[in-house]
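# I would like the atomic coordinates for the input below:
(chains A and B)
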There are 2 protein chains.
Amino acid sequence: MTTQRDPLDRFFSIIPAGGIGSRLWPLSRASAPKFLHDLTGSGQTLLQDTWDRLTPIAGKERILVVTGKVHKSAVLEQIEDLSTDNLVLELSPKDSTAAIALAAAILMNREPDVIVGSFAADHVITEDEQFHKTVREAVLVAATGKIVTIGIEPTEPSVGFGYIKSGDELGVTGAPEARHVIKFVEKPNIAKARKYVDSGQYLWNAGMFIAPAALLLEQLAKSEPALHASIMELAAEWDTDNRKAAIEKIWPTLKKVAIDYSVAEPAAAAGLVAVIPASFSWHDVGDFAAIAELQSQGRRGNLAVLGNAKVLADSSSGILVSDTDRLIALIGVEDIIVVDTPDALLVTTKEHAQRVKSLVDALKATGHSDVL
Amino acid sequence: MTTQRDPLDRFFSIIPAGGIGSRLWPLSRASAPKFLHDLTGSGQTLLQDTWDRLTPIAGKERILVVTGKVHKSAVLEQIEDLSTDNLVLELSPKDSTAAIALAAAILMNREPDVIVGSFAADHVITEDEQFHKTVREAVLVAATGKIVTIGIEPTEPSVGFGYIKSGDELGVTGAPEARHVIKFVEKPNIAKARKYVDSGQYLWNAGMFIAPAALLLEQLAKSEPALHASIMELAAEWDTDNRKAAIEKIWPTLKKVAIDYSVAEPAAAAGLVAVIPASFSWHDVGDFAAIAELQSQGRRGNLAVLGNAKVLADSSSGILVSDTDRLIALIGVEDIIVVDTPDALLVTTKEHAQRVKSLVDALKATGHSDVL
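Next comes the predicted model:
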């Protein structure tokens, strides 16, 4: 398809607001997941921060949120400027391909030349101007017929992220740092992670993708034809009176697959993916230890305090997250993590922050899903 | 005074139920002090355990409880068999001399030859039969005109207790282990405590005193004549219609002084005190670390659990005390102390258990007395 519009005028952001954030239990719940919380002490939730970060790029009319239908009222309450036209409600979690491809297909039906950019609702990005600059460059590259990802310069050999192996420079005007992507690799073991980081060729995959909707869906059609067909069928009914019937019929049948597998990896193999290294700082707030690092407000000595708890801390360090108004007293505990909510309390240490996820799995297994 | 009654028939127990137990905050409060709680997992409170331990000695009609008037309903609820005739309510805390001497004077007015024994409401004693045997021996010795204390064989050089220096055997028939008391010494430093324990001459002062009421009050008259006079004046009105007026007039004027200073030390100096080494195990449950040791029920691996919390503990050790029905998850925390109450949460470690008291002082100083 040929188009005369400036690439930046074609841009539309998608915010997939999903994922429970099990490692942040009991603060983050199925009913109130990570993106609905203020995890940085900014006074805004991660979703609100994400929204505010995206609005300067193409305006608040050009952001679409995909979330679970159980979060509808919370999302609309937090994002006053979000029109229901730009809110896609999932019947149930179906992983990232369904969310992003449906959003892309709906937007493409409205504007065939749309370039979409997908940005998670629960990541922390500072240096907004650098973020805008990087996204604008990505849009320019996407307009040349690429699926563009924004890669994060590794600060450590993390085994918690997938990696992007970058190749030669692309040489796109206005996007001097854009490079070919040779391949995506899954979360490595520590030895491989060290090699990746030492090579200087690898970036973290933060799940940010910018691409013409048509190109993204074309790739999906090749790798997951059945899923693509269902998505297109549902998108075709979206802006009609048949939406409800179509979603109830089609949604439960959709395959659960991450967009990394369904689109990014096969497109990279076909030489269609580019990467721009992020010039901004990024954090996925994976666990409570991360919150302790991000939390700049509300420090009491070496203790980071999130929430409105009355706190009395005597030579303690770590993080205290409070979702109640109880008085919390800490004495002589180091690198502690205390998360206090009305119906559940977690006490662990920064060292064990990653184990919260397996605890949540154990809670599921022992019939405590009322607190999940 | 001469009397023909068998010493054991003259015996009457006094339970001073006072003391907040600051080291057990936030479980123990001014409004719900230590003795009103089950701290051993026995299913009964410390007060109930104390009551049940004393009833076999002289019957449930011969136990008098002294407590704050704010605890009246809680005490009567916990001790169904306590008649209000045997309940002495303090207007305000006035330390142990006022409590015990008033009780002794009231009982002496009812039975001039009464032998009283005072036993704290918030200590843990196991081996009830040994306790009964020791108390009966103490009563026999008291009947010879002694103030008798029961001393605890030190298990470690504690700096948390006062010590009793014992002398020669008394040679009282039926009480072969009774010895003279040379003196009482205050809580020592660790070096002195080690000397005391190594000498084999010293016992811990657990605050148990058994004596003819008349002798006890006679000693008080010598060391604290004004306090003695006030106590006698109040006791004289106790079983009359003037009780309320008398207590309101006299109580606020009473001097605060521990019975160790007002009676035990001067009586020892006068050669009037005897000691019987306890043949039972005793614990004053001084802090949460102590609870961890005492708690035999509700263990989850190395974690002692007190209360009805739903607990999920992953490789954690220490003690969890719960006064709520919240789910509590512990991951990888060692020697931890977590005390969860509806309006306050404490997290510390066994090592710092003694510091809870200074935290309570800090709470007072910072205007948080609503949770004290």
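# ranges for the helices of the stretch 101-250 of chain A?
Under the criterion DSSP state H, counting those that start in this stretch, the stretch 101-250 of chain A carries helices at the ranges A:128-142, A:190-199, A:213-223, A:225-238, A:243-250.
# can you tell me which of these comes nearest to chain B?
Smallest distance to chain B across these (C-beta to the nearest C-beta): 20.2 Å, for helix A:190-199. (Each C-beta comes from the backbone N, C-alpha and C, glycine too.)
# how many neighbours does the residue nearest to A:Leu227 when sequence neighbours are not counted have?
If the residues on either side of it in the chain are set aside, A:Leu227 comes closest to A:Lys255, at 4.8 Å by C-beta to C-beta, 6 or more residues apart in numbering or on different chains. A total of 13 residues lie near A:Lys255 under the criterion other C-beta atoms under 10 Å in any protein chain shown.
# how about A:Lys255, secondary structure?
coil (DSSP: H, G, I helix; E, B strand; the rest coil).
# which residues sit in contact with it?
A:Lys94, A:Thr97, A:Ala98, A:Glu224, A:Ala226, A:Leu227 (C-beta atoms under 8 Å, 6 or more residues apart in numbering or on different chains).
# And these, which is closest to B:Ala313?
Ranked by distance to B:Ala313 (C-beta to C-beta), the contacts of A:Lys255 are led by A:Lys94 at 35.0 Å.
# what's the neighbour count on that closest one?
When counting by other C-beta under 10 Å, one arrives at 19 neighbours for A:Lys94.
# Now that we're looking at it, what pLDDT does it have?
At A:Lys94 the predicted local confidence, pLDDT, stands at 95.
# burial of the closest residue to chain B within the stretch 1-150 of chain A, as a residue count?
For the stretch 1-150 of chain A, the residue positioned closest to chain B under C-beta to the nearest C-beta is A:Pro26, at a distance of 7.4 Å. Other residues near A:Pro26 come to 25 when the count uses other C-beta under 10 Å.
# Secondary structure class of it, three-state.
When classified by three-state DSSP, A:Pro26 comes out as coil.
# How about it: what's its closest non-neighbour residue?
What sits nearest to A:Pro26 in space, not counting adjacent residues and going by C-beta to C-beta, 6+ apart, is A:Ala344, at 3.8 Å.
# Next: A:Glu334.
In space, and not counting its chain neighbours, A:Glu334 is closest to A:Ser317: 5.1 Å by C-beta to C-beta, 6+ apart.
# Give me the distance between that neighbour and B:Pro26.
Counting by C-beta to C-beta, to the nearest Å, the gap from A:Ser317 to B:Pro26 is 22 Å.
# do A:Lys192 as well
For A:Lys192, the distance to B:Pro26 under the criterion C-beta to C-beta works out to 49 Å.
# Show me what counts as buried in the host helix or strand of A:Ala99.
Using DSSP states H and E, the element containing A:Ala99 is helix A:95-110. Across helix A:95-110, burial judged by 16 or more other C-beta atoms under 10 Å in any protein chain shown covers A:95-109.
# Just give me the neighbour total for the residue nearest to A:Pro26.
Other residues lying near A:Ala344 total 23 when counted by other C-beta under 10 Å.
# what's across from it in the sheet?
In this structure, A:Ala344 bridges to B:Leu327 when assessed by DSSP bridges.
# what's the answer for A:Val88, then?
A:Val66.
# Contact partners for it?
Each residue near A:Val88 by C-beta under 8 Å, 6+ apart is listed here: A:Leu64, A:Val65, A:Val66, A:Thr67, A:Ala99, A:Leu102, A:Ala103, A:Ile106.
# repeat for A:Val311
A:Arg300, A:Leu303, A:Val305, A:Leu320, A:Ser322, A:Leu327, A:Ile328, A:Ala329, A:Leu330 are the contacts of A:Val311 under C-beta under 8 Å, 6+ apart.
# Strands - which of these land there?
When DSSP state E defines the strands, the subset of the contacts of A:Val311 inside them is A:Arg300, A:Leu303, A:Val305, A:Leu320, A:Ser322, A:Leu327, A:Ile328, A:Ala329, A:Leu330.
# Can you name the two of those residues that sit furthest apart?
For the ones in strands among the contacts of A:Val311, the farthest-apart pair by C-beta to C-beta is A:Leu303 and A:Leu327; their separation is 14.7 Å.
# Which residues outside the helix-or-strand element of chain A with minimal mean pLDDT are in contact with it?
In chain A, no helix or strand scores lower on mean pLDDT, DSSP states H and E than strand A:299-300, which sits at a mean of 72. For strand A:299-300, the external contacting residues (C-beta under 8 Å, 6+ apart) are A:Val305, A:Val311, A:Ala313.
# And the first one, how close does it get to A:Ile291?
Distance of A:Val305 to A:Ile291, given as C-beta to C-beta: 11 Å.
# In terms of neighbours, single out the busier of the two.
With neighbours defined as other C-beta under 10 Å, A:Val305 and A:Ile291 compare such that A:Ile291 has more, 26 against 20.
# buried set for the helix or strand hosting that one?
When secondary structure is defined using DSSP H and E, the element that contains A:Ile291 is helix A:288-294. The neighbour-count check on helix A:288-294 (16+ other C-beta under 10 Å) flags A:Phe288, A:Ala289, A:Ala290, A:Ile291, A:Ala292, A:Leu294 as buried.
# One more: stretch A:214-225?
Neighbour-count burial for stretch A:214-225, counted by 16+ other C-beta under 10 Å, picks out A:Ala214, A:Leu215, A:Leu216, A:Leu217, A:Gln219, A:Leu220, A:Ala221, A:Ser223, A:Glu224.
# ok, residues contacting it?
A:1, A:97, A:100-101, A:104-105, A:108, A:112-113, A:116, A:142, A:145-147, A:209, A:227-229, A:231-232, A:255, A:257, A:261-263, A:266-267, A:270, A:272.
# Could you pull up the contacting residues of the single nearest residue of the stretch 51-200 of chain A relative to chain B?
Taking C-beta to the nearest C-beta as the measure, the point where the stretch 51-200 of chain A comes nearest chain B is A:Gly160, at 17.9 Å. Residues touching A:Gly160, when contacts are defined by C-beta under 8 Å, 6+ apart, comprise A:Lys187, A:Asp284, A:Gly286.
# ok, it to A:Glu186 distance?
Relative to A:Glu186, A:Gly160 is positioned 11 Å away (criterion: C-beta to C-beta).
# That'll do, ta.
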